[in-house]
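Colleague: Sharing a sequence plus its predicted fold:
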Amino acid sequence: MVVAIAGSGTSFVNAVKSAHEFGLGGSKGQIVAGLVSKSKNPADFKILPDALSVEPIACMMRKDDPAFKTAVDNSIKAMVKSGELAKLYDKWFMQPIPPANTKVGLPLSDATKNSWNNPNDKPMEEYAAP
């Protein structure tokens with residue numbers, strides 16, 4: 001995810017780095033999009049579609065519970081198939097979010113669509129930027 005920042009971006013970049021290091025949710029792209037949506041002038045920023053890195057997001061669960069893993073996998077697959085996962089994504093990343101009605105404006109990427117359609121158990125090290 002490349003971010004074109006209008007004006008001086010030092011404090012913005014530091015905010016993204018800090019948010020990611022403190023585990024304040026999501027991938028760097030999601031954190032950037034959230035910070036942009038809450039800025040004084042969100043229109044001054046543009047998140048470009050080119051990915052510089054790929055950071056897969058995973059569900060963490062107990063290691064030795066294959067029945068639970070199967071249930072989670074099947075639930076996610078069902079949400080993809082029914083369109084429910086796409087609707088949730090749209091709700092939280094494309095629509096205004098109460099109470100401030102900020103809009104993140106992070107369209108669903110082809111990489112995310114592909115990962116939803118091809119779930120796997122690959123470790124992060126097997127992913128590379130396109």
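Modeller: Sure thing, it's come through.
Colleague: buried sites along the helix ranked longest in the chain?
Modeller: Across the chain, the longest stretch assigned as helix under DSSP state H is helix 66-82. Neighbour counts over helix 66-82 (16 or more other CB atoms under 10 Å) mark V80 as buried. From N, CA and C alone the C-beta is placed, and that goes for glycine too.
Colleague: what packs against the helix or strand following that helix?
Modeller: Counting by DSSP states H and E, the next helix or strand C-terminal to helix 66-82 is helix 84-93. Contacts defined by 3 or more CB pairs under 8 Å, 6 or more residues apart in numbering; DSSP states H and E place helix 84-93 against helix 66-82.
Colleague: what inclination does the helix it packs on have with respect to helix 84-93?
Modeller: Relative orientation of helix 66-82 versus helix 84-93 (axes from the mean of the first three to the mean of the last three CA atoms, to 10 degrees): 80 degrees.
Colleague: Give me the helices and strands touching helix 66-82, please.
Modeller: Using 3+ CB pairs under 8 Å, 6+ apart: helix 66-82 touches helix 84-93, helix 110-117.
Colleague: Ramachandran angles for T102?
Modeller: Main-chain torsions, T102, degrees, to the nearest 10: phi -80, psi 150.
Colleague: who's it bridged to?
Modeller: Beta-bridge pairing of T102 under DSSP bridges involves I97.
Colleague: Contacts only, for it.
Modeller: Applying CB atoms under 8 Å, 6 or more residues apart in numbering to T102 gives the contacts S37, K38, P96.
Colleague: For T70, see how far away the last one is.
Modeller: Remark: distance between P96 and T70 (CB to CB, to the nearest Å) = 37 Å.
Colleague: can you check the first one too?
Modeller: Distance, S37 to T70, using CB to CB: 36 Å.
Colleague: want to throw the helices and strands packed on helix 66-82 into JSON lines with mean neighbour count and distance to M60?
Modeller: Listed next are those as JSON lines, based on neighbours: other CB atoms under 10 Å; distance: least, CB to CB, whole Å:
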{"stretch": "helix 84-93", "mean neighbour count": "14", "distance to M60": "18"}
{"stretch": "helix 110-117", "mean neighbour count": "14", "distance to M60": "16"}
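Colleague: With that, I have no additional questions.
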